[in-house]
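A.B. asks: no sequence on this one, just coordinates:
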Ligand SMILES: [Zn+2]
């Protein structure tokens, strides 16, 4: 060879360092476990004998073991920390009695005592130091007794609810050792497992009247099988009696069923289960279970698999068809991927609190379902895991999409095959209401597409190939399950079902009972399809790059059809071009992906329109640019749809939403109008609303308008940049004024506010972090106009006081930086504001901290505020811009205030709680220089919406005085609607009548639906 391509050298280095050249090998681990259930103390007493076969080319000096019940032991475990981050504090605050652990361990290797120790960081991992190295090709037997205290079943997967047992991740288990080394991992809720294949021989001793569902085939269990047959007969009788069934599912009965268990028999039984070629063993036991049994013939081998379901009264009505769901799931997964290799499969109705279900080899546990379709979906999905994680044992922690994603792809296919007319929002899609809200056109599988768009459109998505524990809670579902299902559906549409099935069968045959890696799947898919799939595995799977093709032009004449398409996205995935006739796809052709612009010669024929992806198979980030009509003027503009309230983003319509509205304030009284907007789900780049209102009292056209542009720059600095232009006009208060001729008249003052703003939200280096860094610059332009109103003044001028509305227009520039850490326990925040007006500059510092208590959303709220004028030559001493312990006057007009000028009565009691204001009325003048205060509020009892507060403050009005006030709060909705009942104010009560000292906070801006829409958790 005369020359070297540099690429070849790089490839050689990569190959040798990855160990690609190495022959595939995997370890083997065989278990013999004997376990006793103590259902009085909720404990397991057991012994384990673990044969470890070292098939690796390496000699091993140690064995890493998982002791996963220890995950439930204290607050420091990886599980507890993850649950807290996911806003679940049950384990964090749990009592010792409710927690769980594993102990009484005493490891021996081949009969010899060994040194072993818990991992320093994770008490659910331990390392056994072997007395002598385990040679390549040799085997050892590790023995230990163990005792498990079973935690309450509300935390994660292992646990008990009363005497219903869910025994999972329960025994000492060697971590996987593969060509990348040891894979010791702490137990997590968000994130699953990776285990060695081998055989299990497990004997379970427990009271005689428990029904048990477990991994493995029951051996030597003739008596038990007879007992189960009898149970099946009883179940059939029970299900045949509609009265009994009806009674069983009444809410009272369900409740009772969950707390009352039949007494445990004093006689015990021992059940023995054996299975080989599995990598885990789980069992479930409940004395209340009904039992049904069926069988299904496999599509390829025609072998028969036994199917079992076990369930309580609680959802017996849904479970009565459980066998059908089991059989169909096994049939279709076998058909598309390869035959089920075991003799039985069981689904049990468990007390699982987290998630819909959890899979183990042969046996799966299902939580509360609510509907038969949901139950079928969960059973089918969990059964499917026998293939994607059970038989194809990928590392679920590092590549969760290889099990959950591929499984969800099969789940979609199952629903499309068995229920082809199923709609996205279920059965009401096709009702009048579904049509009215324009929700009838979406297929069921689009739930995953819209789930992906939710975060992809907000620049909050994460790649499919990512570690489980690094996903945000929403992305763990939306990316791992959702996006993977969507992109494999896309791949199947492109390759065709036949090629897809052939590839999956090859993958299954080559990798069953092994540990496939992402590269192994890619190799098989490319080999079988004969296509280069870099665009799929490198871009679609490994990155957050977006797919977007745009239709540019089309030309139709006697010679045929030409269609011009441009790739405006970041992935060169294949594209389907559909020819449309009468709103339906008349022809559809797939083309390989490309960069730039291309013109395609399309099939001859007369069509109404050409459309990219007429069948909605492509995960296009933007479908609005997909259609071009062959006739008409605005060929690319979609027809307008005026839609009540809101709907999904429909790519085939130009949607404008409307809602009739009514409003009220003390001056305009009742206002009638409408809200028009284009906010939809998922979020779009440019959003607006227009809210015209008419006040019959002031006979004025009022209202507000808002335009919002969101930019998502690439890179790691900004999460997004928002540019907003907002305007509003309402009445500000009545003013008594004189008009010519000396007659007294009223005038209504209106305020007009225009507010342009730009805000920068910074990206968190760690996506799961709840930190929010925001920098906002806003300009507030306020102008006031007098509208004389036809209402004669009827008093004496002497008793009139002119209300203190501003006599001149003003502007304020505001710069705000805030840093919030909204973590579950002890959240805090800090904000700094600078405000500049014509006559002043002021700076504010606010620090918030919540000392969290055991009860959800409860704690001691501490707020520190310090504000100071850097410069102030405002001519009016009573300027509205001064600080006041009575609270802010909302001169920025950011709040919804029902009676802006009121100082008395109910409306005068509305408090704008910012700038360090007190909750009590304070008898003190305005502070022209500075104000400092500390506000404390604490909840009193769990579940009681009552709190007490203390406010302490100092102001430049009288720097020598420490002012304080205290009282009780009725917390109707925290930070939204609170009522303050003062006990004491150091400056004395303002009003002699107690009720006139009561104030309230009503923060209507917080319940702005558009704001809520943009704050959907990620
Ligand atoms: Zn799953």
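C.D. replies: That came through fine. Just so it is clear, the structure is predicted and the values come from calculations on it, not from any experiment.
A.B. asks: which SS class is residue 377?
C.D. replies: helix (DSSP: H, G, I helix; E, B strand; the rest coil).
A.B. asks: That one reaches residue 410, doesn't it?
C.D. replies: No. Counting by Cβ atoms under 8 Å, residue 377 does not reach residue 410; the two are 11.8 Å apart. Heads up, the C-betas are built off the backbone N, CA and C, glycines and all.
A.B. asks: So those two - more neighbours on which side?
C.D. replies: Using other Cβ atoms under 10 Å as the criterion, residue 377 and residue 410 rank with residue 410 on top: 23 against 20.
A.B. asks: which stretch of helix or strand covers the more buried one?
C.D. replies: According to DSSP states H and E, residue 410 maps onto helix 404-418.
A.B. asks: Pull out the buried residues from that helix.
C.D. replies: With burial defined by 16 or more other Cβ atoms under 10 Å, the residues of helix 404-418 counted as buried are 404-415.
A.B. asks: Tabulate these in CSV, adding columns for pLDDT and distance to residue 424.
C.D. replies: Output for the buried residues of helix 404-418, formatted as CSV (pLDDT from 0 to 100; distance: Cβ to Cβ, whole Å):
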residue, pLDDT, distance to residue 424
404, 97, 21
405, 98, 20
406, 98, 22
407, 98, 20
408, 97, 15
409, 98, 17
410, 98, 19
411, 97, 15
412, 96, 12
413, 97, 16
414, 98, 16
415, 97, 11
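A.B. asks: Let's see the pLDDT reported for residue 795.
C.D. replies: On the pLDDT scale, residue 795 is placed at 43.
A.B. asks: actually residue 647, not the one I wrote
C.D. replies: In this model, residue 647 is scored at 91, pLDDT.
A.B. asks: phi, psi of it?
C.D. replies: phi -160, psi -170 (degrees, to the nearest 10).
A.B. asks: got it, and residue 537?
C.D. replies: The phi/psi pair for residue 537 (degrees, to the nearest 10) reads phi -80, psi -30.
A.B. asks: Who are the contact partners of residue 988?
C.D. replies: residue 923 (Cβ atoms under 8 Å, 6 or more residues apart in numbering).
A.B. asks: any weak-confidence spans in the stretch 351-500 of the chain?
C.D. replies: Of all residues in the stretch 351-500 of the chain, those with pLDDT under 70 make up the ranges 352-355.
A.B. asks: Which residue ranges of it form helices?
C.D. replies: In the stretch 351-500 of the chain, the helices defined using DSSP state H, counting those that start in this stretch lie at 372-384, 404-418, 432-436, 446-456, 473-475, 484-495, 497-511.
A.B. asks: what's the answer for the stretch 1-150 of the chain, then?
C.D. replies: 6-18, 78-85.
A.B. asks: mean pLDDT for those helices: which is lowest?
C.D. replies: Here the lowest mean pLDDT among the helices of the stretch 1-150 of the chain goes to helix 6-18, at a mean of 41.
A.B. asks: Tell me where the model's unsure across the chain.
C.D. replies: Counting by pLDDT under 70, the ranges of the chain that qualify are 1-22, 245-259, 352-355, 735-746, 789-807, 856-857, 877-878, 1018.
A.B. asks: Find the residue at the geometric middle of it.
C.D. replies: Among the residues of the chain, residue 474 comes closest to the average C-alpha position under Cα atoms, centre = their mean, at 2.7 Å.
A.B. asks: Cross-check the contact I'm expecting between that one and residue 454.
C.D. replies: Yes. Using Cβ under 8 Å as the test, residue 474 is close enough to residue 454 to be in contact (7.4 Å).
A.B. asks: and the chain, what are its domains?
C.D. replies: With domains defined by automatic domain parsing, the chain comprises 25-196, 198-393, 418-540, 549-637, 823-1018.
A.B. asks: okay, the ones you listed in CSV with distance to residue 719 next?
C.D. replies: Shown next, in CSV, are the domains of the chain (distance: least, Cβ to Cβ, whole Å):
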stretch, distance to residue 719
domain 25-196, 19
domain 198-393, 28
domain 418-540, 6
domain 549-637, 17
domain 823-1018, 10
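A.B. asks: mind checking which of these is nearest residue 676?
C.D. replies: Residue 676 lies closest to domain 823-1018 among those, at 12.5 Å (Cβ to Cβ).
A.B. asks: I figured residue 929 hits residue 870, correct?
C.D. replies: No. With contact defined as Cβ under 8 Å, residue 929 does not count as touching residue 870 (10.0 Å).
A.B. asks: So which of those two has more stuff around it?
C.D. replies: Legend: neighbour count by other Cβ under 10 Å for residue 929 and residue 870, higher for residue 929 (15 against 11).
A.B. asks: Determine the number of other residues adjacent to the closest residue to the more buried one other than its chain neighbours.
C.D. replies: With sequence-adjacent residues excluded and distances taken as Cβ to Cβ, 6 or more residues apart in numbering, residue 929 is closest to residue 956, at 3.6 Å. As a burial measure, residue 956 scores 16 neighbours (other Cβ under 10 Å).
A.B. asks: what residues are up against residue 956?
C.D. replies: 883, 927-931.
A.B. asks: for the longest helix seen in the chain, which positions count as buried?
C.D. replies: In the chain, ranked by residue count with DSSP state H as the criterion, the top helix is helix 222-240. Buried residues in helix 222-240, counting neighbours by 16+ other Cβ under 10 Å, are found at 224, 228, 231, 235, 239.
A.B. asks: try stretch 427-436
C.D. replies: Using 16+ other Cβ under 10 Å as the test for burial, stretch 427-436 gives 429, 434.
A.B. asks: outside of it, which residues touch it?
C.D. replies: Residues outside stretch 427-436 that contact it (Cβ under 8 Å, 6+ apart): 423, 425, 439-440, 442, 644.
A.B. asks: can you tell me which of those residues are in strands?
C.D. replies: Using DSSP state E, the subset of the contacts of stretch 427-436 located in strands is residue 644.
A.B. asks: Tell me what residue 672 is bridged to.
C.D. replies: residue 662, residue 694 (DSSP bridges).
A.B. asks: ok, now residue 560?
C.D. replies: Residues in beta-bridge contact with residue 560 (DSSP bridges): residue 557.
A.B. asks: How about residue 278?
C.D. replies: According to DSSP bridges, beta-bridge pairing links residue 278 with residue 198.
A.B. asks: got it, and residue 964?
C.D. replies: Beta-bridge partners recorded for residue 964 (DSSP bridges): residue 952.
A.B. asks: I figured it hits residue 952, correct?
C.D. replies: Yes. Counting by Cβ under 8 Å, residue 952 is a contact partner of residue 964 at 4.6 Å.
A.B. asks: Return the residues in contact with the residue lying closest to residue 101 once chain neighbours are set aside.
C.D. replies: Distances taken as Cβ to Cβ, 6+ apart put residue 73 closest to residue 101, at 4.3 Å, once the chain neighbours are dropped. Applying Cβ under 8 Å, 6+ apart, we find residue 73 in contact with 99-101, 123-124.
A.B. asks: Give me the subset of the residues you listed lying in strands.
C.D. replies: Counting by DSSP E, the contacts of residue 73 place residue 101 in strands.
A.B. asks: Can you add neighbour count and distance to residue 580 and give the contacts of residue 73 back as CSV?
C.D. replies: Output for these, formatted as CSV (neighbours: other Cβ atoms under 10 Å; distance: Cβ to Cβ, whole Å):
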residue, neighbour count, distance to residue 580
99, 21, 61
100, 26, 59
101, 20, 63
123, 19, 62
124, 26, 57
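A.B. asks: Which one of the contacts of residue 73 is nearest to residue 368?
C.D. replies: Using Cβ to Cβ, residue 100 comes nearest to residue 368 of the contacts of residue 73, at 22.2 Å.
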